[in-house]
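Next input, structure requested:
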Amino acid sequence: MNNIRNIALAAHVDAGKTTLTERLLFESGAIRAQGSVDRGTTKTDDLPVEKRRGISVRSALTSTVINGVTVNIIDTPGHADFISQVERAFFAVDGIVVLVSAVDGVQTNTEIILDAVSRLNKPCIIFINKADRDTADIERVFSEIKDIFPRAAMFSYVFEDLAERDEECFEAFDSGIEMPKEILRQKVAKYTKSLDISPVFYGSAITGDGVSDLAAAITDFFPFPEEKEGETGGFIYAVNHDRVNGRAAFARIFSGSLSVRQQISINGAEYKISMIKKPVFGKMTDAQTLYSGEVGAVYGLSEAKTGDFIGRKELVPFAEKYSETEQALMMTAVTATDGTDILKLKAALSELTAEEPLLDLIWEPISKSLNIKVFGNIQTEVLKDIIFERFGIPVEFGQMNVIYKETPTREGIGFDAYTIPKPCWAILKFRITPLARGSGIIYKCSAPPNRLSYRYRKQVEESIKASVAQGPRGWEITDAEIDLIDGEDHPIHTHPLDFTVATPLALADGFRNTGTTLLEPYIHARFTLQAECYGRLLSDIIRMRGEPGEPVRKKDTVFIEAEIPVATSLDYAASFASLTSGKGVMSAIFSGYRVCPEPDGKTMPRRGVDPLDRSKYILAARHALTGTVFETV
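Residues are numbered from 1 along each chain as shown. Predicted coordinates for the structure are as follows:
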């Protein structure tokens, strides 16, 4: 596999990422002419909405050959509303090329992307694009990159950076001896792979300046995929709709192989592979087998979702640590404007949720309403186009509502004895403990071994996620340890599903006893603006219930950071642009959830039957009433 490189290209929107993909394909001979984003003729932007808007809205796979090495390229979306797709693509590759505009510099999505590169421990090369523009400022932009990504090292003087890390380089540098070019490149490759440096190049994807140097760096500095024989283990980083062949699961194989007509297990379900396509020199080509270290599109996985693992999950290196770190912070209702049956719209949204699980479709059968979670207005505009073009359903979205969360206010006990009406028997007792912000839900079982058999313990654990989806205020519970401290089953009356019923009953009792505190999402905002505008900005931050940091002034420019609630800052980017006459720069990333003052928060109407209405809940769970116990798609 030393002749393969799997890479992702990532950037803030309009930094030239897709244009760079085209340039790499063109210069290597994979395409005859370089496509244009503006004309909608690029290889990787093939959706109608992408051609019309001139932006990438999904990850696209292509491939070329550079210096005899096959380079598989995942061109990722650039807008922050699609950042979850970017991070999933990072899991599937061995190296990441991050583009930064030489004109605009570090922007919101640039920070998010570089943070993900660091968090996922991925080798990275940075390309400062648009260096041919009159307003390009390479030194300023490199300085901005270095401020937030310390391992960035300008390749043109990388010898100095290597001297700080490598004894041989230090001795040569200290003695004024020039190191041979080939040895220097070997050193750069070594320290790029070890995550000590990220070489920075600059040039223009439009003109091709600097692209050949970048291409050589991709093949020389990034690691090749590890070849691992044995049973199949893979990761689905994206699911797309193929107009001809149906659902396409884009996957990286980390162990073994995957072949056409092979039976494979995903989440306990068995599938038969009907077709495989591999990227070959700019085209997706039919293949019989995907081998360890390769990426491609797999067909026949009718219920597979983005983020699923193929075959044996434990054979994928990051499987145990994998989680969706990005999260949508807003929710909106979806309605059909032409009277389309709500169940048809629900089916369409369910299909889209398989492609983007963070949409997290919420179906309320009693009121027959549909809500999805989104990252922003661009995403809803794109979804509107996709739903109409693909399903023929015109839709509109309601007002954006911030997604709050709940956390236990104090420690408490939750208990339920589900023993009537028989046949049933499930007794559970939980201890619920508040945890620090960002901890999520931690489940453990400290019940004595003789108090509850293993198979029922497993049923309880599998019921936790749905049980904490709605707290007393209607929002998801987070930052809590849930400890199953006691339980009881019956040798005759207990059915495993009894514990599916009893778990939310006992936890609802527990959250009633602990009480819950409302949490709201915050952003970490960075502002650069004229000094004369600083006073107004500071007033705005305080008005938005924000917490400003210490300002830094350099001549007539002020830099300041602040923590601000999402609820109060949804539209502030436009206000800031007006305040600074378009000369200021604002970037923002999600920084976590904090306690929300009671008068400023909102509750969410309960979806489905409330476990605190115990009798109705049990009847609903036993299908005696119309209603749902857990709110799912």
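
Residue most distant from the centroid, the chain?
What lies farthest from the middle of the chain is residue 175; by Cα atoms, centre = their mean that is 47.4 Å.

for it, what are its contacts?
By Cβ atoms under 8 Å, 6 or more residues apart in numbering, no residues touch residue 175. For every residue, glycine as well, the C-beta is placed using N, CA and C.

Residue 153 versus that one, what's the distance?
Note on residue 175: its distance to residue 153, by Cβ to Cβ, to the nearest Å, is 21 Å.

And residue 267, by the same measure?
42 Å.

neighbour count winner among those two?
residue 153 (25 against 11; other Cβ atoms under 10 Å).

that older thread, so what does the residue farthest from the centre of the chain have for phi and psi?
Per-residue torsions, residue 175: phi -90, psi 0 (degrees, to the nearest 10).

give me phi/psi at the residue nearest to residue 49 when sequence neighbours are not counted?
Once flanking residues are discounted, residue 49 sits nearest to residue 385: 4.3 Å by Cβ to Cβ, 6 or more residues apart in numbering. When quoted as degrees, to the nearest 10, the phi and psi of residue 385 stand at phi -70, psi -40.

so what's residue 385 up against?
Per Cβ under 8 Å, 6+ apart, neighbours of residue 385: 48-49, 52.

Most neighbours among these, which one?
Highest count within the contacts of residue 385 by other Cβ under 10 Å belongs to residue 49, 19 neighbours.

Verify the contact between that one and residue 56 for me.
No - when contacts are counted by Cβ atoms under 8 Å, residue 49 is not listed as touching residue 56 (10.2 Å).

For residue 213, give its distance to residue 124.
Taken as Cβ to Cβ, the span from residue 213 to residue 124 is 16 Å.

higher neighbour count, these two?
residue 124 (26 against 16).

per-residue confidence at the spatially closest residue to the more buried one that is not a sequence neighbour?
Using Cβ to Cβ, 6+ apart and skipping the chain neighbours, the partner closest in space to residue 124 is residue 198 (4.3 Å). Residue 198 is assigned 97 on the pLDDT scale.

Test my guess that residue 198 contacts residue 191.
No - Residue 198 is beyond contact range of residue 191, at 9.4 Å (criterion: Cβ under 8 Å).

pLDDT weak spots in this structure?
1, 38, 623-633 (pLDDT under 70).

Pull the contacting residues for residue 537.
Contacts of residue 537 by Cβ under 8 Å, 6+ apart are 527, 529, 560, 576, 579.

Give me the neighbour count for the second one.
It stands for residue 529. Residue crowding around residue 529 was assessed by other Cβ under 10 Å; the count is 21.

who's it bridged to?
Beta-bridge partners recorded for residue 529 (DSSP bridges): residue 558.

And the strands in the stretch 1-150 of the chain, which stretches?
Counting by DSSP state E, counting those that start in this stretch, the stretch 1-150 of the chain has these strands, from start to end: 4-11, 60-66, 69-75, 95-101, 124-129.

so the fourth one versus strand 124-129, what angle?
What that stands for is strand 95-101. Counting by axes from the mean of the first three to the mean of the last three Cα atoms, to 10 degrees, strand 95-101 lies at 30 degrees to strand 124-129.

I'd like the numbering to begin with 38 instead of 1 from here.
New numbering, starting at 38: the last item is strand 132-138.

on contacts alone, who are the packing partners of strand 132-138?
Applying 3 or more Cβ pairs under 8 Å, 6 or more residues apart in numbering; DSSP states H and E, one finds that strand 132-138 contacts strand 41-48, helix 54-64, helix 145-156, strand 161-166, helix 175-185, helix 248-258.

Quick one: list the elements packing against the fourth one.
By that I understand strand 161-166. When contacts are defined as 3+ Cβ pairs under 8 Å, 6+ apart, strand 161-166 sits against helix 54-64, strand 132-138, helix 175-185, strand 235-239, helix 248-258.

For residue 329, find the nearest of those.
In terms of Cβ to Cβ, the element of these nearest to residue 329 is strand 132-138, at 17.3 Å.

Now do that closest one: distance to the chain's middle.
Distance of strand 132-138 from the chain centroid (Cα atoms, centre = their mean, to the nearest Å) equals 17 Å.

got it, and stretch 447-455?
With Cα atoms, centre = their mean, you get 34 Å for stretch 447-455.

What residues does the closest residue to residue 364 other than its chain neighbours make contact with?
Ranked by Cβ to Cβ, 6+ apart and with sequence neighbours excluded, the top spatial neighbour of residue 364 is residue 395, at 6.8 Å. If you count contacts by Cβ under 8 Å, 6+ apart, residue 395 has them with 121, 361, 363-365, 410, 412.

separation between residue 395 and residue 506?
14 Å.

Same check on residue 348?
Counting by Cβ to Cβ, the gap from residue 348 to residue 506 is 29 Å.

which residues does residue 433 form a beta bridge with?
residue 372.

show me what contacts it?
371-372, 374, 421.

Could you identify which of these has the most neighbours?
Neighbour counts for the contacts of residue 433, by other Cβ under 10 Å, peak at residue 371, which reaches 26 neighbours.

That one against residue 405, yeah?
No - at 12.0 Å, residue 371 and residue 405 do not qualify as touching, with contact defined as Cβ under 8 Å.

re the thing from before, for residue 313, state which of the contacts of residue 422 is nearest.
Of those, the one sitting nearest to residue 313 (Cβ to Cβ) turns out to be residue 85, at 26.0 Å.

hang on, isn't the closest one packed against residue 426?
Yes - Residue 85 is within contact range of residue 426, at 5.6 Å (criterion: Cβ under 8 Å).

Give the closest residue to the residue positioned nearest the centre of the chain in space, chain neighbours not counted.
Central residue of the chain (Cα atoms, centre = their mean): residue 121, 2.3 Å from the mean position. Spatial nearest neighbour of residue 121, excluding adjacent residues (Cβ to Cβ, 6+ apart): residue 363 at 4.3 Å.
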